[in-house]
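**Student:** After the sequence you'll find the predicted model.
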Amino acid sequence: MHDWVEFGGAAVAFLALHAVPSLSGLKAALRRILGRRGYGAVFGLGSLALFYWLLMAAGRAPFVEIWAPQPWMRWLVNLAMPFVSVLAVSGIYAPNPFAFEGRSTGFDPARPGIVAITRQPLLVALAIWGAMHLLVNADVAHVAQFGGIVTFSLLGIGPMEARRRAVAPAVWDAQVAGTRILPFAAGRWPRGWPLWRIGAGLMLWVVLWHLHPIVIGVSPAP
């Protein structure tokens, strides 16, 4: 029973922290106190700490299997993770006025970079990551955890984009043309996508792949 309580507490804490950006008054107050960069650092570190706690709590929860993972599922995860890592790294602080992780300045619709793939790279990466890990972690606790991450990532896109559009609707409508949320649905070549971001994303995948058995306790190898 205690393990389920810990899992529930970790989930509530993780969701509560990620509700802060949608609470404009609280977010503004924290930015005044901590500064823009301080707020970003505290939020980022807090997210990582609570995310790790959630992962560990799910592993300690009683194992109740829903389906039996198949070998092909592990191969699918390993094929998807390099793309997920590149997507996440390419989105962070890139010129992208549509996403919370992007810069609101410097976006050129003629050279959209990662925005040509998807205008929500980090949230889409989280959703794919969660969906892939849900396939191979088919017990109740992990399905709740990864399914919740997928749901949270996808449902957060609409309200977040609505808040951003409300700042300057005409500018938003002009810039959003030719972009899509679903990866590759825009059918555009990602001109202006720095090669170093692709390389950094692949490097991150390699590092995480080797750290996985050390930090998580399970080998990702198929």
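**Tutor:** Cool, the structure landed.
**Student:** Would you list the phi and psi of residue 103?
**Tutor:** When read as degrees, to the nearest 10, the backbone of residue 103 gives phi -90, psi 140.
**Student:** Give me the spatial nearest neighbour of it, chain neighbours excluded.
**Tutor:** Among residues not flanking residue 103 along the chain, residue 95 sits closest, at 5.2 Å (CB to CB, 6 or more residues apart in numbering). No exception for glycine: its C-beta is placed from N, CA and C like everyone else's.
**Student:** give me phi/psi at that neighbour?
**Tutor:** For residue 95, the backbone dihedrals are phi -60, psi 100 (criterion: degrees, to the nearest 10).
**Student:** list the contacts for it?
**Tutor:** By CB atoms under 8 Å, 6 or more residues apart in numbering, the residues touching residue 95 are 102, 103, 105, 106, 107, 108, 113.
**Student:** I figured the last one was touching residue 189, is that so?
**Tutor:** No. Counting by CB atoms under 8 Å, residue 189 is not a contact partner of residue 113; they are 10.6 Å apart.
**Student:** Between those two, which is the more surrounded one?
**Tutor:** More crowded of residue 113 and residue 189, by other CB atoms under 10 Å: residue 113, with 22 against 10.
**Student:** So for residue 215, what's the pLDDT?
**Tutor:** Residue 215 is assigned a pLDDT of 88 by the prediction.
**Student:** now it: how far from residue 209?
**Tutor:** Applying CB to CB, to the nearest Å, the value for residue 215 to residue 209 is 11 Å.
**Student:** Likewise for residue 3?
**Tutor:** 28 Å.
**Student:** So which residue is smack in the middle of this structure?
**Tutor:** Nearest to the geometric centre of the chain sits residue 126, at 3.0 Å (CA atoms, centre = their mean).
**Student:** what about the residue nearest to residue 103, distance to residue 107?
**Tutor:** Per CB to CB, residue 95 is found 4 Å from residue 107.
**Student:** same check, this time on residue 216
**Tutor:** Per CB to CB, residue 216 is found 36 Å from residue 107.
**Student:** The two: which has the busier surroundings?
**Tutor:** Using other CB under 10 Å, the more surrounded residue of residue 216 and residue 107 is residue 107, with 18 against 14.
**Student:** And the pLDDT at residue 1?
**Tutor:** Residue 1 is assigned 63 on the pLDDT scale.
**Student:** where in the chain is pLDDT low?
**Tutor:** 1-2 (pLDDT under 70).
**Student:** hey, where'd the helices end up in this structure?
**Tutor:** Using DSSP state H, the helices of the chain run over 2-19, 24-34, 36-60, 71-91, 121-136, 140-155, 157-167, 169-176, 195-215.
**Student:** Kindly reformat these as JSON lines containing distance to residue 182.
**Tutor:** Converted to JSON lines, the helices of the chain look like this (distance: least, CB to CB, whole Å):
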{"stretch": "helix 2-19", "distance to residue 182": "22"}
{"stretch": "helix 24-34", "distance to residue 182": "28"}
{"stretch": "helix 36-60", "distance to residue 182": "25"}
{"stretch": "helix 71-91", "distance to residue 182": "13"}
{"stretch": "helix 121-136", "distance to residue 182": "8"}
{"stretch": "helix 140-155", "distance to residue 182": "11"}
{"stretch": "helix 157-167", "distance to residue 182": "11"}
{"stretch": "helix 169-176", "distance to residue 182": "14"}
{"stretch": "helix 195-215", "distance to residue 182": "19"}
